[in-house]
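Colleague: return a 3D structure for these sequence lines:
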Amino acid sequence: MTQNNTPLLRVSDLTMMYGDRVGCRNVSFDLRPGEVLGIVGESGSGKSTLLRSISAQQEPTKGVVEYHTRIDGIRDVYQISEAQRRLLMRTDWAFVHQNARDGLRMNVSAGANIGERLMAVGDRHYGNIRAAAGNWLGKVEIAEERLDDLPSTFSGGMQQRLQIARNLVTSPRLVFMDEPTGGLDVSVQARLLDLLRGLVHDLNLAVIIVTHDLAVARLLSHRLMVMQGGAVIESGLTDQVLDDPQHAYTQLLVSSILQN
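Modeller: Modelled structure (predicted):
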């Protein structure tokens, strides 16, 4: 992780309510370039709600999400225009879904899936787009000969790697991941985690990863936030939180893994 004292992302007092039901409440943190933040907790703890609110997929009830843009400096994500937000999500941000099909266009080729994001940022040279797509297939360990194949012909693990290539081709600085290894076989998970860890390091990506799997959190994240009932109940360096949990709920999470 490259040390940089200027936050890339600053979340302040973020709250999301669904009527009387709490999605997440009063969450605050900073994220720096090259830093990976893991968010863990059981189903219903608020971690996915928090991720959607941070990544501009649903506007929170209150709170501020500030991002240090390349051109305009620090901007409130919910105060810029919808067009500016969409551009940010196509260029400097990326979102890796648990189900790769949610992040891919299944009716176009693997190469077109990757190239589409380049075209969205203005690239129109077919040769360059195709070359970049082939290069990224190689980076995610898919044979370049599969460039013209439909994603539906790929295995689940390959679809997830293709989704990652599609997301990273525009060199984003911030990547959101929602259970990126969920639903994959253990051996496929291990290969994907090795790939992700390498890409995060080599590209100096800032990442927010939501997972219920503490082993995934330990492998990928530098810092960890534990959520329960929509609130962050413990946070700190990942190894510190997992090796010496202070809150009873975190202790229960860790002990349940050790017992399996």
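
Colleague: at which residues are the strands of this protein located?
Modeller: For the chain, the strands defined by DSSP state E occupy 9-18, 21-31, 36-40, 62-69, 73-76, 93-96, 174-178, 206-211, 223-228, 231-237.

Colleague: can you say which of those is packed in most?
Modeller: By mean neighbour count, with neighbours taken as mean count of other Cβ atoms under 10 Å, strand 36-40 ranks first of those at a mean of 26. Quick note: C-beta positions are derived from backbone N, CA and C, even for glycine.

Colleague: report all helices and strands that it contacts.
Modeller: helix 47-54, strand 206-211, helix 214-220, strand 223-228 (3 or more Cβ pairs under 8 Å, 6 or more residues apart in numbering; DSSP states H and E).

Colleague: helices or strands up against the third one?
Modeller: Read it as helix 214-220. With contacts taken as 3+ Cβ pairs under 8 Å, 6+ apart, helix 214-220 sits against strand 36-40, helix 186-203, strand 206-211, helix 238-243, helix 248-259.

Colleague: relative to A132, which of the ones you listed is closest?
Modeller: Nearest to A132, of all these, is helix 186-203, at 14.6 Å by Cβ to Cβ.

Colleague: buried sites along that closest one?
Modeller: Buried residues in helix 186-203, defined by neighbour count with 16 or more other Cβ atoms under 10 Å: 188-189, 192-193, 195-196, 199-200.

Colleague: tell me the one of these nearest Y78?
Modeller: Of all those, Y78 sits closest to V200, with 26.8 Å by Cβ to Cβ.

Colleague: give the contact list for the closest one.
Modeller: Residues counted as contacts of V200 (Cβ atoms under 8 Å, 6 or more residues apart in numbering) are 36, 175, 207, 220.

Colleague: in this structure the last one contacts L205, no?
Modeller: No: under the criterion of Cβ atoms under 8 Å, L220 is not in contact with L205, lying 10.7 Å apart.

Colleague: what do these two both touch?
Modeller: Contacts common to L220 and L205, judged by Cβ under 8 Å, 6+ apart, are V36.

Colleague: returning to what we had before: what would the helices and strands packed on helix 214-220 look like in JSON lines with distance to V64 and mean pLDDT?
Modeller: Shown next, in JSON lines, are these (distance: least, Cβ to Cβ, whole Å; pLDDT from 0 to 100):
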{"stretch": "strand 36-40", "distance to V64": "17", "mean pLDDT": "97"}
{"stretch": "helix 186-203", "distance to V64": "26", "mean pLDDT": "91"}
{"stretch": "strand 206-211", "distance to V64": "16", "mean pLDDT": "96"}
{"stretch": "helix 238-243", "distance to V64": "25", "mean pLDDT": "96"}
{"stretch": "helix 248-259", "distance to V64": "27", "mean pLDDT": "85"}
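
Colleague: using a markdown table, lay out these together with distance to S81.
Modeller: Converted to a markdown table, the helices and strands packed on helix 214-220 look like this (distance: least, Cβ to Cβ, whole Å):
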| stretch | distance to S81 |
| --- | --- |
| strand 36-40 | 27 |
| helix 186-203 | 28 |
| strand 206-211 | 23 |
| helix 238-243 | 36 |
| helix 248-259 | 40 |
